[in-house]
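Asks: A structural model of the following input is requested.
(one chain, ligands or ions: 1)
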Amino acid sequence: MGSATTPIAEMSDRRAAVALFSRLRTAEGQADPFPSYAELRARGGVTPAPWGGYLVTSFDLCDRLLRSPDWLEPDRAWRRRQGLGTRWNAPSAREISATLPALNPPEHTRVRRVAGGFDRGTVQRLEPTVRRLVDGLLDTLSERLRDGRADFVATVSEELPVATVGYWLGLPSTDWPRLRELTHEQVFTQELLPTASQLARSDAAMAELRAYFHDLIRHRRTHLGDDPVSRWIRTWDATEPDREKADEGVYFLSLFVLLAALETTSTLLSTMTLLLTEHPAWWSRLAADPDLIPAFVEEVLRYDPPIHVISRVAARDLPLEAHRVRADEMVHLLIGAAHRDPAKHLSPDEFDPGRRTAHLAFSSGIHYCLGAPLARMEAQTLLRRLVERLPRLTLARRPARAPRVAFRRLSNLDLALA
Ligand code: HEM
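Replies: Now for the predicted structure:
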């Protein structure tokens, strides 16, 4: 391990980080990881990770690394170099390695161009559908609340993203529940430290998703329309004469959009609603002044983003604060911790939608999230209708969370009328 700090200091840092990570993986740690992040930050903006590589908690460093061409995505070639028996070469990990966020330039530049972005027009066209979906879901929520408590996760936040993306990609609604389950199962392969059994669940989910999208693309080829999958087929066909390769390109784009869009947006919607119940004065403030809604959503993304860890690898031997990172070594950018960096934000542990929020929830640099405008529109639409239509809601019991470190997920959010 290359480092300008002494080996003894590194060993002590790594031992301290082991204890912190054990805590982060408990129910307490998942409910509130921020004290552990603060302890980590107290050891410096960069600390050695227990399993090798480094953990970065400084906001400015995270931002700088995300924008720098010296820090790469762990791509297919990097994964091969880690050895066939490692988690990086599990079948589900190999599948992820061909998707957009695992590519580096020049391949990334080419595929990102094909993927296209969510321009304002796309989001505007989807907005009436999202509004209709939100109103239908809030009707169900209201009915359930009349009987006592209702689970916001099962009723609203798990439903809206799959219905939005399912509608946009043209996926039959009968498939949505299974697709949603599969996206929860596959996420372990992208987690920080997956166990062998979690990886096996990801492998099974990914095999089913591959079969699903290949069938879908075969069918879509004979029913081309104006949907994104049809558009990706046309674009790939225009540049790739080999039909099989073109279909693989379309598959990896469709797969990743589904994986990227569902859980992350659900977590944003759940966290936003949880924070609203914890800060009840905001219910009437937002209802009275809907112009405050976008800032509220941005502060949710800073305060507790859906993804707490983004990883990169060093393109060559590189200095990182007092450390020397060797080529191919991994750095974990602890976005959740960076968002509470006092060097960046005043009183960072305070939830304050009035602040000028800067955050890295959607990453930064060339991999900046393509779906950010859609996720924001879903969250803002839901929040607007929630405070307009419903009287104040309160937490009926403490929510449970999935056992993850990087990808946050509330498994329930039981609410009642206040
Ligand atoms: C709150 C919801 C969301 C969050 C927090 C989120 C977060 C992220 C992050 C952190 C990255 C970059 C990963 C990296 O730098 O390695 C990313 C990339 C991406 N996201 Fe999102 N995302 C969200 C919603 C969506 C949605 C709704 C879609 C699509 C409909 C989407 C599509 C993508 C795609 C295609 C990429 C890859 C971009 C690239 O590598 O060039 N995301 N997202």
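Asks: For the stretch 251-400 of the chain, which residues are neighbours of the ligand?
Replies: Those residues of the stretch 251-400 of the chain that sit near the ligand, judged by Cβ under 6 Å from any ligand atom, are 256-257, 260-261, 264-265, 268, 305-307, 310, 361-363, 367, 369-371, 374-375. No exception for glycine: its C-beta is placed from N, CA and C like everyone else's.
Asks: my bad, the stretch 51-200 of the chain
Replies: With Cβ under 6 Å from any ligand atom as the criterion, the stretch 51-200 of the chain meets the ligand at residues 100, 101, 112, 165.
Asks: switch to 8 Å and redo it
Replies: Within reach of the ligand by Cβ under 8 Å from any ligand atom, the stretch 51-200 of the chain has these residues: 66, 73, 99-103, 108, 112, 115, 118, 161, 164-165, 168.
Asks: May I ask which of those residues has the most neighbours?
Replies: For those, the largest number of neighbours (other Cβ atoms under 10 Å) sits with residue 161, at 28 neighbours.
Asks: Confirm that residue sits in a helix?
Replies: Yes. Applying DSSP: H, G, I helix; E, B strand; the rest coil, one finds residue 161 inside a helix.
Asks: Surely it is in contact with residue 266?
Replies: Yes. Assessed by Cβ atoms under 8 Å, residue 161 is found in contact with residue 266 at 5.4 Å.
Asks: Residue 363: what secondary structure?
Replies: With three-state DSSP as the basis, the three-state label of residue 363 is coil.
Asks: surely it meets residue 65?
Replies: No. Taking contacts as Cβ under 8 Å, residue 363 lies outside contact range of residue 65: 10.8 Å.
Asks: Averaged over its residues, which helix or strand of the protein has the lowest pLDDT?
Replies: When the helices and strands of the chain are scored by mean pLDDT, DSSP states H and E, helix 7-24 comes last with a mean of 76.
Asks: Could I get the CA-only coordinates of the following helix or strand past that helix as PDB?
Replies: As assigned by DSSP states H and E, the chain's next helix or strand after helix 7-24 is helix 27-31. The C-alpha trace of helix 27-31 is given here as PDB (Å, rounded to 0.1, in the frame of the first residue of the first chain):
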ATOM      1  CA  ALA A  27     -29.700  -1.300  12.400                       C
ATOM      2  CA  GLU A  28     -28.600   1.700  14.500                       C
ATOM      3  CA  GLY A  29     -25.800   2.500  12.000                       C
ATOM      4  CA  GLN A  30     -28.200   2.400   9.100                       C
ATOM      5  CA  ALA A  31     -30.800   4.600  10.900                       C
END
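Asks: Name the single longest helix found in the chain.
Replies: Longest among the helix segments of the chain by residue count, using DSSP state H, is helix 243-278.
Asks: And it, what's buried?
Replies: 246-277 (16 or more other Cβ atoms under 10 Å).
Asks: Equivalent analysis for stretch 283-290, please.
Replies: Buried, per 16+ other Cβ under 10 Å, within stretch 283-290: 283, 286, 287.
Asks: Among those residues, name the ones in helices.
Replies: Counting by DSSP H, those place 283, 286, 287 in helices.
Asks: and which of the residues you listed is nearest to the ligand?
Replies: The ligand lies nearest to residue 286 out of these, by Cβ to the nearest ligand atom, at 18.9 Å.
Asks: Spatially nearest residue to that closest one, not counting backbone neighbours?
Replies: Nearest residue to residue 286, sequence neighbours excluded (Cβ to Cβ, 6 or more residues apart in numbering): residue 387, at 4.6 Å.
Asks: Which elements pack onto the helix or strand containing the one you found?
Replies: Assigned by DSSP H and E, residue 387 falls within helix 372-389. Helix 372-389 sits against helix 120-146, helix 159-169, helix 243-278, helix 281-288, helix 293-303, with contacts defined as 3 or more Cβ pairs under 8 Å, 6 or more residues apart in numbering; DSSP states H and E.
Asks: Let's have the ones you listed in a markdown table, adding distance to residue 152 and mean pLDDT.
Replies: Formatted as a markdown table, the helices and strands packed on helix 372-389 follow (distance: least, Cβ to Cβ, whole Å; pLDDT from 0 to 100):
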| stretch | distance to residue 152 | mean pLDDT |
| --- | --- | --- |
| helix 120-146 | 7 | 95 |
| helix 159-169 | 10 | 97 |
| helix 243-278 | 5 | 96 |
| helix 281-288 | 14 | 96 |
| helix 293-303 | 14 | 98 |
